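>>> this one's sequence-less:
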């Protein structure tokens with residue numbers, strides 16, 4: 001065979017092998033592509049269709065309206081109001097967004113902080129996303145924006161909702177307030193609502209305690225969007241479930257009266273139904289405007305609140321722990337009767353002081369009260385009588401009696417932040433300080449000083465128990481939505497009827513017999529008389545030299561060095577229904593403002609449903625109400 005034939009056959013064979021290899025490779029590639037297409041279009045069709053739908057259809061939460069907080073008569077204390085605001089859509093602006101914001105600022109006030117936030121939001125969001133420029137506008141400001149709207153391209157007036165507190169500071173410490181969600185709020189709460197822009201939750205008071213119930217449940221809106229996230233149309237909507245209303249036991253009219261009486265004093269007052277334990281008023285003065293925390297409080301206002309020596313942010317009625325002073329003598333009196341010490345005929349001579357060892361324990365009245373029985377000792381608030389009675393009682397029985405009246409433990413009221421106070425005893429002191437109890441400390445405890453600390457709520461609870469003879473407990477929430485919150489049944493009080501009658505008789509004499517420490521400021525209207533007990537809590541040490549020269553009167557001392565003034569009372573005397581406790585920080589002056597406040601409050605409470613009830617105590621009565629001192 002010729003040489004060229006062999007070469008042609010070799011070339012042909014090589015060409016054939018290459019063709020087969022190429023064809024095989026192409027077939028393999030097309031097989032892989034076909035398999036992949038089959039997987040994508042047939043096997044994974046449902047999955048990718050769902051993803052495509054998810055990209056096309058977006059589910060967005062609908063924020064529910066927050067539930068209301070109302071008083072016992074349905075008066076709204078916290079609700080949602082219209083929020084007039086101005087939005088800006090950057091892509092619709094002609095020119096720069098900054099110029100549009102400045103144009104709005106020439107019509108309505110915009111703070112530098114809000115302006116900075118608006119510009120930051122514009123830079124961080126897509127151009128079609130509406131940005132809040134300013135909110136919580138008045139109707140006049142909102143109308144002004146609408147009037148100039150043709151000259152404000154990209155600006156959109158909008159009406160939303162925001163939390164409102166119609167009574168301002170009067171209910172601030174009970175209701176609390178709402179504010180923006182912080183990082184700590186999301187740690188234990190996985191509610192998706194917390195991620196909603198601008199969503200607010202309860203931060204204090206009832207708003208915080210019942211936040212989840214008041215918050216409601218979100219709805220869902222399904223919208224069709226394009227590849228950039230712009231909404232094309234709404235496909236469906238599931239309405240949000242509004243939050244539940246919280247019904248309180250408070251009487252808004254009485255609460256406002258209490259606020260009026262306390263005025264600008266650094267003070268606290270609690271009024272209870274002595275039979276049921278319902279809290280009718282709970283006020284800490286001065287208060288603060290909770291609306292400020294919703295709309296955003298300025299640095300200046302925050303600094304003013306935190307540096308005020310009257311502590312407006314503190315709920316003194318629950319978290320203020322004070323020595324009860326002579327109001328604590330009611331505890332000693334009841335314990336002494338049941339211990340067989342303060343029996344009929346038992347008297348103590350008050351010369352102005354009592355000596356124990358090498359220490360003199362002084363009575364508030366220089367020169368003393370003379371011979372005192374239990375009724376007279378309560379009426380005149382004789383310290384020496386109670387020194388001697390407590391010495392015979394011993395701290396163990398005093399401690400037990402104090403706990404029976406509700407001291408030394410939190411009452412469990414639904415408002416957060418309650419303190420338990422302190423009732424000392426042998427074990428308490430050993431545990432706290434590591435040293436044994438001294439007899440002199442028993443005498444100091446007898447007049448509500450030393451280690452004893454109580455809250456105004458505890459003092460009111462004690463008074464309600466004296467008045468009713470039952471171990472009532474305070475409550476402030478009547479119902480949440482349709483769910484009734486039943487009160488804790490009031491059990492029997494651990495004192496005999498004779499002991500309680502003795503205490504009531506002394507408190508009656510205090511307010512209604514000449515010489516009683518509250519007699520000058522009594523309720524004079526027949527059938528509305530109150531029974532009460534005054535108290536003074538020292539905040540400074542009186543030296544031996546000052547006592548020898550004469551103790552400086554509180555009126556002549558700087559405000560911070562004056563004693564606290566306390567008063568507990570119930571009314572009416574014959575069929576008690578209302579219990580009241582008032583404390584005025586550094587208010588122990590001759591005018592007894594705390595007694596006057598309680599008098600006006602209890603008179604108002606009793607005449608609440610009388611058509612011609614007075615709006616204020618008669619100006620001609622002894623000791624007109626004092627609401628402001630230096």
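Looks like it arrived, so ask away. Computed from a prediction, not measured in an experiment: that's the story for all the values here.
>>> tell me how far the residue sitting nearest the centre point of the chain lies from residue 292.
Taking CA atoms, centre = their mean, the centroid of the chain lies closest to residue 205, which sits 2.8 Å from it. To residue 292, residue 205 is 15 Å away according to CB to CB, to the nearest Å. For glycine as for every other residue, the C-beta is placed from the backbone atoms N, C-alpha and C.
>>> over to residue 83?
Relative to residue 292, and taking CB to CB, residue 83 is found at 15 Å.
>>> now do the helix or strand containing residue 257, average pLDDT.
Using DSSP states H and E, residue 257 falls within helix 252-262. Mean per-residue pLDDT for helix 252-262: 96.
>>> ditto for stretch 86-94
Rounded mean pLDDT across stretch 86-94 is 83.
>>> hang on, the earlier thing: verify the stated contact: the residue nearest to the centre of the chain with residue 173.
Yes: if you go by CB atoms under 8 Å, residue 205 and residue 173 touch, sitting 6.6 Å apart.
>>> next, show the common contact partners of those two.
315, 415 (CB atoms under 8 Å, 6 or more residues apart in numbering).
>>> where is the longest strand in this protein?
strand 76-88 (DSSP state E).
>>> list the buried residues for the very next helix or strand once past that strand?
Sequence-wise, the next helix or strand downstream of strand 76-88 (DSSP H and E) is helix 97-105. Buried residues in helix 97-105, defined by neighbour count with 16 or more other CB atoms under 10 Å: 97, 100-101, 103-105.
>>> for stretch 191-207, same thing?
For stretch 191-207, by 16+ other CB under 10 Å, it's 191, 193, 199-207.
>>> same deal with stretch 481-498?
Result for stretch 481-498 [16+ other CB under 10 Å]: buried residues 487, 490, 493-495.
>>> which residues touch the host helix or strand of residue 500?
Counting by DSSP H and E, the element that carries residue 500 is helix 497-512. Residues from elsewhere that reach helix 497-512, judged by CB under 8 Å, 6+ apart: 330, 333-335, 337-338, 342, 374-379, 381, 466-467, 469, 493, 516-519, 522-523, 529-534, 569-570, 573.
>>> and it, average pLDDT?
Per-residue scores along helix 497-512 average to 97.
>>> equivalent analysis for stretch 303-314, please.
Stretch 303-314 comes out at a mean pLDDT of 92.
>>> now that stretch: buried residues?
305, 311-312, 314.
>>> cool, and stretch 63-76?
For stretch 63-76, by 16+ other CB under 10 Å, it's 63-64, 66-71, 76.
>>> now do it: distance from first to last residue.
Taking CA to CA, to the nearest Å, stretch 63-76 runs 21 Å from one end to the other.
>>> is it true that residue 375 lies in a helix?
Yes: according to DSSP: H, G, I helix; E, B strand; the rest coil, residue 375 belongs to a helix.
>>> and it, how many neighbours?
Counted with other CB atoms under 10 Å, the neighbours of residue 375 add up to 19.
>>> now residue 28
Residues near residue 28, counting by other CB under 10 Å: 10.
>>> now do the SS call for it.
helix.
>>> which helices and strands does the helix holding residue 257 pack with?
For helix 252-262, the packing partners by 3 or more CB pairs under 8 Å, 6 or more residues apart in numbering; DSSP states H and E come out as strand 267-273, strand 279-285, helix 593-606.
>>> including distance to residue 152, secondary structure and pLDDT, could the buried residues of stretch 191-207 go into CSV?
Shown next, in CSV, are the buried residues of stretch 191-207 (distance: CB to CB, whole Å; DSSP: H, G, I helix; E, B strand; the rest coil; pLDDT from 0 to 100):
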residue, distance to residue 152, secondary structure, pLDDT
191, 37, coil, 82
193, 32, helix, 82
199, 28, coil, 79
200, 28, strand, 85
201, 34, strand, 90
202, 36, strand, 92
203, 35, coil, 91
204, 38, coil, 93
205, 40, helix, 95
206, 41, helix, 97
207, 36, helix, 96
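>>> what's the closest non-adjacent residue to residue 595?
Excluding the flanking residues, the one nearest residue 595 by CB to CB, 6 or more residues apart in numbering is residue 521, at 4.3 Å.
>>> how does this protein divide up, domain by domain?
Split into domains by automatic domain parsing, the chain comes to 60-248, 252-303+313-606.
>>> single out the most deeply packed of the ones you listed.
Each of the domains of the chain was scored by mean neighbour count; the highest is domain 252-303+313-606, a mean of 20, by mean count of other CB atoms under 10 Å.
>>> endpoints of it, how far apart?
End-to-end distance (CA to CA), domain 252-303+313-606: 15 Å.
>>> next: stretch 513-526.
Using CA to CA, the two ends of stretch 513-526 sit 14 Å apart.
>>> stretch 130-144 too?
Note: stretch 130-144 ends 20 Å apart using CA to CA.
>>> what does that stretch contact?
Contacts for stretch 130-144 (CB under 8 Å, 6+ apart): 83-90, 101, 104, 107-110, 114, 118, 121-122, 125, 145, 155-158, 160, 162, 198, 295.
>>> one more pass at 6 Å, please.
Residues from elsewhere that reach stretch 130-144, judged by CB atoms under 6 Å, 6 or more residues apart in numbering: 83-89, 101, 104, 107-108, 110, 118, 121-122, 295.
>>> equivalent analysis for stretch 166-175, please.
69, 77-78, 205-207, 255-256, 259, 282, 284, 287-290, 315.
>>> among those residues, find me the one that's closest to residue 25.
residue 207 (72.2 Å; CB to CB).
>>> hang on, residue 134 in a strand?
Yes: assessed with three-state DSSP, residue 134 lies in a strand.
>>> look up how far residue 97 lies from it.
When residue 134 is compared with residue 97 (using CB to CB), they lie 14 Å apart.
>>> now do residue 393
From residue 393 to residue 97 the distance is 77 Å (CB to CB).
>>> so what's residue 20 scoring on pLDDT?
For residue 20, pLDDT reads 75.
>>> what's the neighbour count on it?
Neighbours of residue 20 using other CB under 10 Å come to 10.
>>> OK, contacts around it?
Per CB under 6 Å, 6+ apart, neighbours of residue 20: none.
>>> and it, which helix or strand is it part of?
Short version, using DSSP H and E: residue 20 is in helix 3-38.
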